[in-house]
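S.K.: Show me how the following folds:
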Amino acid sequence: MTQIQPVQLKLLIIDDNTETLRLVQDAFASEELEILTASDPETGLKLFFEHRPLVVLVDLIMPRINGIEILETITAADAAAEVILITAFYSAELAIEAIQKGATDFLIKPLDLEKLRTRISGIQADARRRERTAQLDRELLDVYEFEGMIGRSPVMLEIFAKIRRVSPHFHSILVTGATGTGKELVARALHRLSPSSMKPFAAVNCSALVETLLESELFGYVKGAFTGAIRDKVGVFEYADGGTVFLDEIGELPMPAQAKLLRVLQNQEVQRVGSPVPRAVSVRVIAATNRNLRSQIAKGAFREDLYYRLSMVELTLPSLAERKEDLPLLQRYLVSKFALRYSKEILGITRRAQTRLARHSWPGNVRELENVIGNACMMVQGKVIDIDDLPESFRRQTGTLGVNDLASEASILTLDQVEQRHVLDVLQRVGGNKVRAAEALGIGRGTLYEMLARMKNSAVTSIDREAEDPGDLPLKRDGTA
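M.R.: All right, here's what the predicted structure looks like:
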């Protein structure tokens, strides 16, 4: 197993109390940290934008710019930054506001240096894991990349296997799937893996050509065939002789052109417009459509004999909604692609942005995903793509969220959760003594017991140390008294 190299973090401390700056500096002097300090918020923000530290320790109350404003500025610029707010004036409302706006933690002065050291160590460990995850993602991309396509879902692995099996042998093949599923990528893969790979690959979008020019483009014409035909013209099939012709949107082909295409497939010959002479060609034909050709046949809009000639081998591509397990890999691939194109260092996508992307139905399939990621990579200013970097339609998405989705979406803790966490933290500090805990919290002992009773059904950390007050009972495993 590859060893994970230590990640050296930059820690920025912004506090107008120089004693706090010195205290934290001394506490982390021996750690693998590059420590930056600022005694005023303006200097602190300047240092942040110059050095882009991963961890920022910010005092809540400072002159001119408060800690919440600094938090908002930092998280808007770099969603990956871990901002820890510190204050001597704790309130649950402030803690909730800070967490909702992206704070990693909310610590109370005087600082518990051991707790802070544990928190920083945890962030460092997370950074190492993210680095390792990114490395594994790159390795996965190498494993699950096939001829320019990305997929590890069973349905895509089966598509890849079929392409490998049929590419050496096919003469005609039909590729079906919704718009944006990658039909042309499949066609190019079939060509590259065929014995004709060194010969031309000619792609024609049948829906983009007007009917009067379609036959001329496909089969060519001779001089004098019509007004303006001043010389002979080679059509697509003659151009690709020995190679592959890709006919995209084959369902849009007019009936006369369908008859000529059937002749090409049956006899391997073309007839230029205005010429009675057939010309022999040897081409592989890949047809693609997002239409239901059987329905087209029933309506009399598509030749049944042509359909059966084309569909001797048929590949049906899944929509992105049918292969959602491929979404993280596709995101990683596209972020790397566009980061290179735009010469940006983009490390990835935040968890809440990934949650937003995962909830989308992707009617435009991989093509739509590519447009969204490309746009985000162009707009992002930091190193990580967040919700605000996504197109507007994604930023204003709403819907019913589950508990896990909500937590990932906005890193929100409820008031009760913040309250419980703080109460338990104080109880631990005073060794489980509820009298002292109530005094420290500024509440009555009865109120504290009511709070603990409400925690009965919560999964909370137990405090097993003996209470100092004889009337106190240690907390049970379920958090009750």
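S.K.: lowest-pLDDT helix or strand in this structure?
M.R.: helix 403-410 (a mean of 38; mean pLDDT, DSSP states H and E).
S.K.: which stretches of this protein have low pLDDT?
M.R.: Under the criterion pLDDT under 70, the flagged ranges of the chain are 1-8, 30-31, 397-422, 425, 428-431, 439-442, 444, 446, 450, 453-481.
S.K.: and with 80 instead?
M.R.: Scanning the chain for pLDDT under 80 picks out 1-8, 29-32, 76-80, 89-95, 130-131, 133-134, 137-138, 211-212, 382, 396-481.
S.K.: domain parsing for it?
M.R.: Domain assignment of the chain by automatic domain parsing yields the ranges 9-139, 154-316, 323-408, 414-481.
S.K.: For the first one, measure first residue to last.
M.R.: Using Cα to Cα, to the nearest Å, one end of domain 9-139 lies 25 Å from the other.
S.K.: still on that earlier bit, make TSV out of the domains of the chain and add distance to residue 145 and mean neighbour count.
M.R.: Any C-beta I mention is one placed from the backbone N, CA and C, and that applies to glycine too. Below are the domains of the chain laid out as TSV (distance: least, Cβ to Cβ, whole Å; neighbours: other Cβ atoms under 10 Å):
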stretch	distance to residue 145	mean neighbour count
domain 9-139	11	17
domain 154-316	10	17
domain 323-408	7	17
domain 414-481	41	15
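S.K.: and residue 293, backbone torsions?
M.R.: Per-residue torsions, residue 293: phi -70, psi -30 (degrees, to the nearest 10).
S.K.: can you confirm residue 42 is in a helix?
M.R.: Yes - counting by DSSP: H, G, I helix; E, B strand; the rest coil, one finds residue 42 located in a helix.
S.K.: tell me the contacts of it?
M.R.: Contact partners of residue 42, counting by Cβ atoms under 8 Å, 6 or more residues apart in numbering, are 64, 65.
S.K.: Report the separation between it and residue 101.
M.R.: Look at residue 42 and residue 101: by Cβ to Cβ, to the nearest Å, they are 20 Å apart.
S.K.: ditto for residue 178
M.R.: Distance, residue 178 to residue 101, by Cβ to Cβ: 39 Å.
S.K.: go on, residue 434?
M.R.: In terms of Cβ to Cβ, residue 434 sits 33 Å off from residue 101.
S.K.: go on, residue 241?
M.R.: For residue 241, the distance to residue 101 (Cβ to Cβ) stands at 64 Å.
S.K.: biggest helix in the protein by residues?
M.R.: helix 113-144 (DSSP state H).
S.K.: Need the contact partners of the helix or strand following that one.
M.R.: In the C-terminal direction, the helix or strand that comes right after helix 113-144 (DSSP states H and E) is strand 145-146. Here strand 145-146 makes contact (Cβ under 8 Å, 6+ apart) with 160, 163, 189, 333.
S.K.: what's the helix or strand for the residue most central in space within the chain?
M.R.: The chain has residue 331 as the residue nearest its centroid, 4.0 Å off, counting by Cα atoms, centre = their mean. In this assignment (DSSP H and E), residue 331 forms part of helix 327-341.
S.K.: now that helix, how far from the centre of its chain.
M.R.: Centre-to-centre, helix 327-341 and its host chain are 8 Å apart (Cα atoms, centre = their mean, to the nearest Å).
S.K.: Show me what the following helix or strand past that helix packs onto, helices and strands only.
M.R.: Per DSSP H and E, the first helix or strand lying C-terminal to helix 327-341 is strand 348-349. On a contact count with 3 or more Cβ pairs under 8 Å, 6 or more residues apart in numbering; DSSP states H and E, strand 348-349 meets helix 327-341, strand 384-385.
S.K.: for the ones you listed, which one sits closest to residue 277?
M.R.: Comparison of these against residue 277 by Cβ to Cβ identifies helix 327-341 as nearest, at 47.5 Å.
S.K.: Torsion angles phi and psi at the nearest residue to residue 380 once chain neighbours are set aside?
M.R.: Using Cβ to Cβ, 6 or more residues apart in numbering and skipping residues adjacent in sequence, the residue nearest residue 380 is residue 389, 4.4 Å away. Residue 389 adopts backbone torsions of phi -90, psi -10, taken as degrees, to the nearest 10.
S.K.: Thought residue 350 was touching residue 389, still the case?
M.R.: No - using Cβ atoms under 8 Å as the test, residue 389 is too far from residue 350 to be in contact (9.1 Å).
S.K.: Phi and psi next, for the nearest residue to residue 46 once chain neighbours are set aside.
M.R.: What sits nearest to residue 46 in space, not counting adjacent residues and going by Cβ to Cβ, 6+ apart, is residue 38, at 7.8 Å. Backbone torsions of residue 38, given as degrees, to the nearest 10, read phi -150, psi 130.
S.K.: For the stretch 1-150 of the chain, which segments count as strands?
M.R.: 9-14, 33-38, 55-59, 82-87, 105-108, 145-146, 149-150 (DSSP state E, counting those that start in this stretch).
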